[in-house]
Every structure is written in C-alpha cells, then in structure tokens.
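Undergrad: fold the stuff below for me.
(chains A, B, C and D)
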Protein chains: 2
Amino acid sequence: MDAEQRRRELTEAVWRVIRRDGVQAASVRAVAREAGTSMGALRHWFATQDELLHVAMTRVVERARSRAEAAAAAGGPLVPRLLRVLEEALPLDDERRAEAEVWLALTARALVDPALAELRDRSAGELHGFCTEVVRVLVAEGVARADLDVDLEGERLYAVVDGLAVHALTRPSVLPPGRARTVLAAHLATLVDSS
Amino acid sequence: MDAEQRRRELTEAVWRVIRRDGVQAASVRAVAREAGTSMGALRHWFATQDELLHVAMTRVVERARSRAEAAAAAGGPLVPRLLRVLEEALPLDDERRAEAEVWLALTARALVDPALAELRDRSAGELHGFCTEVVRVLVAEGVARADLDVDLEGERLYAVVDGLAVHALTRPSVLPPGRARTVLAAHLATLVDSS
DNA sequence: CTCTTGATAGCACGACTGTGCTAGCTTGGC
DNA sequence: GCCAAGCTAGCACAGTCGTGCTATCAAGAG
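TA: Sure thing, here's the model as predicted:
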C-alpha cells in the first residue's frame, strides 16, 4: 500500500473523530480505533498527538486550496468564476462541511497551540490575500469602481466569507447553503454594480 | 459573601483557564486550582463539568448583551450609535477580547455538545436579529435606500461582524482593533451612502 | 448550649490519556 | 534458504479526568 495513501486514510479517521466527538476526543486510541488499526501502527505514521492534529489541519487547507485552484482554472465569465472560487471556503456540501467543522475546531485550538497557530496564520493569509486579489482584479478589469479601497474591500470580503462560513456551519437551518451563496453573491455584486 | 458574586468569581476562573490553556484544559481540578479553592467547593456551586462550561458561555453572552444595551441607550446620532453597539461584539479591548476567546472556544465545542449548541443558537439568534434590526431601522429612518433587501442585508452585516470578530481575534497583528472598526464602519457606510 | 444549614476540603474509584517500548508479522532482496 | 526493513500490535508507565462520597468547618437560629 502506498505510504501517502495510508497517511491520508489515517488523517481522515482523525477527521471523523473530530467531527463526531470534537477535537478533545481525538486521542491516539480513539483515532486508531476509528481507523481500525492499533496505537502502535498509528504512532508509526504520526509520532505524537500534536502531529495528528497538525496533519489534519494541513489536509483541510490543502483540499480547499486544490479545489479553489480548480475552480479558478475553469472557464467562464470573470465574476461567477471568482464567486465559485470563494464558495470553496463555504460549507456548502458534505465534503466542505466536514472540512469547515475541522477548520473551526482547530482554529479554536490554535488560540492556545502555537504549532497550529502558525499553520492557521499561513492559510488564513492565503484566503485573505486571495480576497484582496479578487477586489484588485475586479478594479483592474474595470468591472468595479476604480475608487475602491482595495485593501479595505479585501478585508471586508474576507470577513463576509469567513462570517458566512461560521454561520452556515453553526446554524445550517437558518443559513442553508443556497442562502449563503446568495449572500456572498450579493456582496460581490455590490462591488460590481454600483458604478 | 454573596452567592452570586461567588459564582461570578468561579466563572471568571473558568475563563482564565480557557484563555490560557484552552477548553480542553478547563477541568474541575484546573479551575479549582485557578480559583484558589478545592474541587469540593467548586462542585458545590457547579455540579458537573458541563455546567461549568455552560455558565462560562452564558456569562459571555450576558456581558456582551448588557454592554450592547448600554451603548444602544446612549445618546448621539443614529448611525454612530448603532456602530458602537455592533462594536461590542468585536474584540477591541482586553475585556472584549477575553470574551471573544471564550466565545470561539465554546462555539467550536458546541458543534459536538448539544447543551452548548442550544445556548449558542439562542445568542447567535440575538445578534443576528439585531443586525437585521439595524438594517430595518436604517431603511425606516430613510438613511438607507428603501429598496434594500432587509433580511439579506441583515445576514450580510451579521457575517461581517462575526467575520471581523474571528479575524481580529485570531490575527490581531493583521487586523488590529482600529482597523476592524474601520472596516465595520465602512460596511455600515455602504448601506447608508449609496443612495 | 445545641442543632441545622451552607460551604469547603479532599479522598477514592474506575476510566482515559500520551508516549516509551518491545515483540511479532509481512514483504522484498539476495 | 536468510536477512533486513517496514509495519503492526499492544503492554506499561505515570499521569489526569469527572464524579460520588464523607468529613470538617463556620455561622446563624432556637
């Protein structure tokens, strides 16, 4: 069996435990049980508990990024395409919801775990940077007003995206996927429309 | 000593532990040690571990609400006053930052803790409702365009507020208090200005 | 004085934790 | 055949965990 795939399997077992029982339940034993293997086997791949969480978080980021890149590379008009990329950060289906749950759990833990904090900062910087880039492109392409404060609008867009992510995640009955997409699209439209 | 004050003291010990070491470290023993008392004394006031966390979360909500009500009751022009109320949900000083840290930690845990989830839903509903109310008032007072979709703009404002809260909390060097206020004010301005 | 009630202290139990460690198994190279 | 490396299994240790429980202490009521 391929080593990379084995690590992926185990990482997804970590996810399942975190989603079902929370980060605090993601013990070496619980994850090994979930993966149907032994403590020893698990520790062969991930030496410590911290590494387990770190890898789980890394994989959330990687998956979201690769999906975002795919969406960015797709064809079609600019604005809907950018919208589709931003939507990759929202919990709109089971896959993204799983990622978002793990993301929130680890974001909270990152407040007191320096190793996770470093990882969170890097990935947050990426999304933040992309949001600013979206605004910059819209202005450069002439579809948004030229007098926009790019940095400020990037910050605001980033807040809308993560705010919607948290709300769609924690109160899905109030903010179902379709509604979240509508609100995000509306926000993007305000950057474009009012010329 | 007053019973209510004793409970408050112990609750604040819970906060300190959560802020310093995370929710997972908020054990009965750790909190008792932090409060300078014994396990038995602590359990006299809070029968279970869950109750400890529940009360900690309740108190975050209560404090933020009472500050918000004070800000709402203050005089001055409408828009800056509403802005000041919304800012009570942002980690702009040590007090609010402490609350936000506890809020994020418990919001994450609420994903797998039904009792906390119920509390979170109630308080989230309050802030969400207030955001919608802000938009409604702005429209009613004629300072915002009459053709605004009140519910959608309420949802968007709520996302901006919580998004900024998370970002100011997790990456304070990138989004310091002053900057967070600026972005929030700018968002409110977009609801008012473009007539 | 006694009696009661509220508050505090902390022991004991069984369960769970991360990690160090050894022992066994499996597979491929020679 | 044999050896080595990669992998798996799980025991052992020293902790921490939540909670049930009893014992002690302080103070007010009668």
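Undergrad: wait, A:Thr182 touches B:Glu153, no?
TA: No. Applying CB atoms under 8 Å as the test, A:Thr182 and B:Glu153 come out as separate, 11.9 Å apart. Just so you know, the C-beta spots here come from the backbone N, C-alpha and C atoms, and that holds for glycine as well.
Undergrad: quick one, which of these two is more surrounded?
TA: In this view A:Thr182 and B:Glu153 are compared by other CB atoms under 10 Å in any protein chain shown, and B:Glu153 has more residues nearby, 25 against 16.
Undergrad: without its sequence neighbours, what residue ends up closest to the more buried one?
TA: In this structure, B:Glu153 finds its nearest non-sequential neighbour in B:Val135, 4.4 Å apart by CB to CB, 6 or more residues apart in numbering or on different chains.
Undergrad: kindly report the same for A:Glu9.
TA: A:Ala35 is the one closest to A:Glu9 (CB to CB, 6+ apart), at 6.6 Å.
Undergrad: number of nearby residues for the one you found?
TA: A:Ala35: 20 neighbours (other CB under 10 Å).
Undergrad: what pLDDT is listed against it?
TA: If you check A:Ala35, the pLDDT there is 96.
Undergrad: which residue lies nearest the spatial centre of chain A?
TA: Centrality entry for chain A: nearest residue to the mean C-alpha point is A:Ala89, 4.7 Å, by CA atoms, centre = their mean.
Undergrad: does that residue really touch A:Gly163, like I thought?
TA: No. The criterion here is CB under 8 Å, and A:Ala89 misses it with A:Gly163 at 11.1 Å.
Undergrad: re earlier: tell me the buried residues in the helix or strand hosting the residue nearest to B:Glu153?
TA: Using DSSP states H and E, B:Val135 maps to helix B:114-140. Across helix B:114-140, burial judged by 16 or more other CB atoms under 10 Å in any protein chain shown covers B:116-117, B:119-121, B:123-124, B:127-128, B:130-132, B:134-136, B:138-139.
Undergrad: what comes into contact with stretch A:115-128?
TA: A:50, A:53-54, A:57-58, A:61, A:65, A:89, A:106-107, A:109-111, A:154-155, A:158, A:161-162, B:167, B:170-171, B:174 (CB atoms under 8 Å, 6 or more residues apart in numbering or on different chains).
Undergrad: any residue of that stretch up close to DNA strand C?
TA: No. Stretch A:115-128 does not reach DNA strand C (CB under 7 Å from any atom of the strand); its nearest approach is 11.4 Å.
Undergrad: what's the spacing between that stretch and its chain's center?
TA: 11 Å (CA atoms, centre = their mean, to the nearest Å).
Undergrad: please save the CA atoms from that stretch in CSV.
TA: What follows is stretch A:115-128, C-alpha atoms only, in CSV (Å, rounded to 0.1, in the frame of the first residue of the first chain):
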residue,chain,number,x,y,z
ALA,A,115,2.1,25.0,16.2
LEU,A,116,-1.5,25.1,15.0
ALA,A,117,-1.4,28.9,15.2
GLU,A,118,1.5,29.1,12.7
LEU,A,119,-0.4,26.8,10.3
ARG,A,120,-3.6,28.8,10.7
ASP,A,121,-1.9,32.1,10.1
ARG,A,122,-0.4,30.8,6.9
SER,A,123,-3.7,29.5,5.5
ALA,A,124,-5.7,32.5,6.7
GLY,A,125,-3.1,34.7,5.0
GLU,A,126,-3.8,32.8,1.8
LEU,A,127,-7.5,33.3,1.8
HIS,A,128,-7.1,36.9,2.9
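Undergrad: before we move on, back to that, and the residue nearest to A:Glu9, what does it touch?
TA: Counting by CB under 8 Å, 6+ apart, A:Ala35 has contacts A:Glu9, A:Leu10, A:Ala13, A:Leu42.
Undergrad: can the residues you listed go into a markdown table with extra columns for neighbour count?
TA: A markdown table is the format used below for these (neighbours: other CB atoms under 10 Å in any protein chain shown):
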| residue | neighbour count |
| --- | --- |
| A:Glu9 | 14 |
| A:Leu10 | 23 |
| A:Ala13 | 22 |
| A:Leu42 | 21 |
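Undergrad: and the residues you listed, which is closest to A:Ala25?
TA: Closest approach to A:Ala25 among the contacts of A:Ala35 (CB to CB): A:Ala13, at 12.3 Å.
Undergrad: mind checking which helix or strand the closest one is in?
TA: Using DSSP H and E, the element containing A:Ala13 is helix A:3-21.
Undergrad: now the angle from the helix or strand following that helix to helix A:3-21?
TA: Toward the C-terminus, helix A:3-21 is succeeded by helix A:28-35 as the next helix or strand (DSSP H and E). Taking axes from the mean of the first three to the mean of the last three CA atoms, to 10 degrees, one finds that helix A:28-35 is oriented at 110 degrees with respect to helix A:3-21.
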